[in-house]
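Novice: Model the structure of this input:
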Amino acid sequence: MANVHLVDGTFELFRCFHGAPRHTNAGGEEVGAVRGLLHTLLSLLKGLKTHLGDASPAYLAVAFDPLPAARGGTATDPGTLIRRQSGLALDVVRALGIPLWPMVRFQADDALATGANRLVADADVEQVVICTTDTDLFQCIREERVVVLDRIRKAITDEARFRERYGIAPWQFPDYLALVGVPAKGLPGIPGWGPKSAARMLAAHGRIEDFPATDDWTDLPRRRRLAAAFVVRRDEALLVKRLARLRDDLPLDCSLPALAWRGLDDERLRKVVAKAEADDLWERIERWSG
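Specialist: A predicted model of the protein is given here:
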């Protein structure tokens, strides 16, 4: 039985940009985030294979959001500096022999959701681990077969922990977000609705579309106020729900053979390490090699 790790590469790149030391290479290019990405993905590989020569298979993929080439922007603007490193970041994944899912029309989240949806139906897959801190991916959780791993905190969210936190099933999460909102992501929610009222209604009725006539909300505290707000914002909430739901049907090859780790691409890795001036990576690889 296989365990598969699906990694949010965009998050990893941003995390490395803000968490790793800045570094400008001899060509005047900022490569600090790429240097960090090399190290964090190597750490992931070392966690999957205790020894570089270990013959046991490892399965994983890294997905990236569309990151268009930076045009304009200042030399100190974080968004510009990250986009300027995006091409080399993709080469890092290729050089490490990891299957790559670069998105064009969709987002990395949609790729991860597609992978989880396909792999959970594969009888040869024991567990899918989605590596991200983006709570949108919580909607993909299925019991202990699909879980979300926060690699920073080393915290795993499975269905039991999700239900304990939110009081609903993972598949109801887009409905929950539509009711409660996430201001940081531009999801407005319905005024007056909070986690408890949303969880209570969803636990009782399943989906927003299945909420009964507001006269029947007899078991909901502050029901008149909440019902009035819901009537006004129902169509908007349904739109937000559709926006919050991830695509899980992208045309990706999610088979185990396609996700098998291919080993390090030595020639490509030497070029990437040289451009990123990340020579300290070789010592880690030597120790991994034994």
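Novice: okay, CA-based contacts and neighbour counts for the rest of this
Specialist: Will do.
Novice: Now Asp279: closest residue in space, sequence neighbours ignored.
Specialist: Nearest residue to Asp279, sequence neighbours excluded (CA to CA, 6 or more residues apart in numbering): Val273, at 6.3 Å.
Novice: and what of Leu202?
Specialist: Using CA to CA, 6+ apart and skipping the chain neighbours, the partner closest in space to Leu202 is Ile168 (6.9 Å).
Novice: which residues of the stretch 1-150 of the chain fall in helices?
Specialist: In the stretch 1-150 of the chain, the helices defined using DSSP state H, counting those that start in this stretch lie at 9-19, 32-48, 78-84, 86-95, 108-119.
Novice: lowest-pLDDT helix or strand in the protein?
Specialist: Sorting the helices and strands of the chain by mean pLDDT, DSSP states H and E puts helix 78-84 at the bottom, at a mean of 90.
Novice: Buried residues in it, which are they?
Specialist: 80-84 (16 or more other CA atoms under 10 Å).
Novice: Over to stretch 127-143?
Specialist: By neighbour count on 16+ other CA under 10 Å, the buried set for stretch 127-143 is 127-133, 136-143.
Novice: Pull the CA coordinates from it and hand them back as PDB.
Specialist: Output of stretch 127-143 as PDB, limited to C-alpha atoms (Å, rounded to 0.1, in the frame of the first residue of the first chain):
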ATOM      1  CA  GLN A 127      -3.000   7.500   2.500                       C
ATOM      2  CA  VAL A 128      -2.800  10.800   0.700                       C
ATOM      3  CA  VAL A 129      -1.000  13.600   2.600                       C
ATOM      4  CA  ILE A 130      -1.600  17.100   1.300                       C
ATOM      5  CA  CYS A 131       1.200  19.300   2.400                       C
ATOM      6  CA  THR A 132      -0.100  22.900   2.900                       C
ATOM      7  CA  THR A 133      -1.200  25.400   5.400                       C
ATOM      8  CA  ASP A 134      -4.100  26.500   3.200                       C
ATOM      9  CA  THR A 135      -7.400  25.500   5.000                       C
ATOM     10  CA  ASP A 136      -9.200  25.400   1.700                       C
ATOM     11  CA  LEU A 137      -7.800  21.900   1.300                       C
ATOM     12  CA  PHE A 138      -9.600  20.800   4.400                       C
ATOM     13  CA  GLN A 139     -12.600  20.000   2.100                       C
ATOM     14  CA  CYS A 140     -10.500  17.200   0.600                       C
ATOM     15  CA  ILE A 141     -10.000  15.300   3.900                       C
ATOM     16  CA  ARG A 142     -11.500  11.800   4.000                       C
ATOM     17  CA  GLU A 143     -11.300  10.000   7.300                       C
END
